[in-house]
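Peer 1: Fold the following and give me the result.
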Amino acid sequence: MTKTPAEVELLAKSGALLASVFTYLDAQSLVGLSTLQVNALVETFIVDQLGARPASKGQYGYGFVLNSSRNEVVCHGVPSSEDILKDGDIVNFDITLEKEGFIADSSKTFLVGNVAPSARRLVHTAYEAMWQGIRAVRPGARLGDIGYAIERHAKRNGYSIVREYCGHGIGREMHEAPQVLHFGKPGTGLTLREGMVFTIEPMLNQGRRTVRAEEDGWTVVTADGKLSAQFEHTVAVTRNGVSVLTLRPDETRPAK
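Peer 2: As a prediction, this is how the structure comes out:
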């Protein structure tokens, strides 16, 4: 689970490239695009502009370069020409990228056009919750500290945390140890040490935390049909704390 400094540096390079994909998407007008069109844009950018490999394509038999999870879709949504992004939607794009043998993983929930205040609040809180978890990362901390910080922030703001899906170690493989739960008790779980690299990717629901899988075998939705939002970064445990490997240059960190 512990990477060498050289491996962390390569992971950081992949992370910087992946961050640029999200900067590219930030500049796109999403209203009216299908999620399949977004998938094509991202694939072209990763392959032709960055000279990298979309790591999700072909993983576990998956045929696309991203997951597109709109409104009540919690995670693992499949791009489709019939899934058209509309004014007022929220949509998470979960994207992976491999360069020089190392994989980075990140996701962001986008606001499409004029989004209702209640949906904006959910998205903003999901972003804050991810950062609460990131700020708990340091050598000697425990995995339970991360999950506790995330769930506490979500519950304080009236949201629930999805428990069926979690963050994960990452490196040469997309999914490595450890599993990083988004709930937990402080002072419990694996002790963090310098060189560990993993994702933090909480999913917050407006309603109950219960989810269900669709018949396509991929798409997961809220059981009550209410909105869900997610953010994800790949992070490395450093000597003095944490480095966010997929941080975008223009990204604004929320206040503590």
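
Peer 1: Tell me which stretches of the stretch 101-250 of the chain form strands.
Peer 2: 102-111, 160-161, 167-169, 176-180, 197-200, 203-205, 211-213, 220-222, 228-230, 233-237, 242-244 (DSSP state E, counting those that start in this stretch).

Peer 1: Ile84 is nearest to which of these?
Peer 2: strand 102-111 (14.4 Å; C-beta to C-beta). In this view, the C-beta of every residue, glycine as well, is placed from N, C-alpha and C.

Peer 1: circling back: tabulate the strands of the stretch 101-250 of the chain (CSV), appending distance to Gly133, mean neighbour count and mean pLDDT.
Peer 2: Below are the strands of the stretch 101-250 of the chain laid out as CSV (distance: least, C-beta to C-beta, whole Å; neighbours: other C-beta atoms under 10 Å; pLDDT from 0 to 100):
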stretch, distance to Gly133, mean neighbour count, mean pLDDT
strand 102-111, 14, 24, 98
strand 160-161, 11, 20, 98
strand 167-169, 8, 22, 98
strand 176-180, 8, 17, 98
strand 197-200, 5, 26, 98
strand 203-205, 12, 29, 98
strand 211-213, 20, 15, 98
strand 220-222, 20, 21, 98
strand 228-230, 12, 29, 98
strand 233-237, 9, 26, 98
strand 242-244, 10, 20, 98
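
Peer 1: Turn those into TSV, including distance to Thr44.
Peer 2: Listed next are the strands of the stretch 101-250 of the chain as TSV, based on distance: least, C-beta to C-beta, whole Å:
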stretch	distance to Thr44
strand 102-111	18
strand 160-161	35
strand 167-169	27
strand 176-180	29
strand 197-200	25
strand 203-205	28
strand 211-213	30
strand 220-222	27
strand 228-230	24
strand 233-237	23
strand 242-244	26
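
Peer 1: So for Ala6, which of the ones you listed sits nearest?
Peer 2: Among the strands of the stretch 101-250 of the chain, strand 102-111 sits nearest to Ala6 (C-beta to C-beta), with 10.3 Å.

Peer 1: That closest one to strand 176-180, inter-axis angle?
Peer 2: 30 degrees (axes from the mean of the first three to the mean of the last three C-alpha atoms, to 10 degrees).

Peer 1: What is strand 102-111 packed up against?
Peer 2: helix 5-26, strand 90-99, helix 117-135, strand 228-230, strand 233-237 (3 or more C-beta pairs under 8 Å, 6 or more residues apart in numbering; DSSP states H and E).
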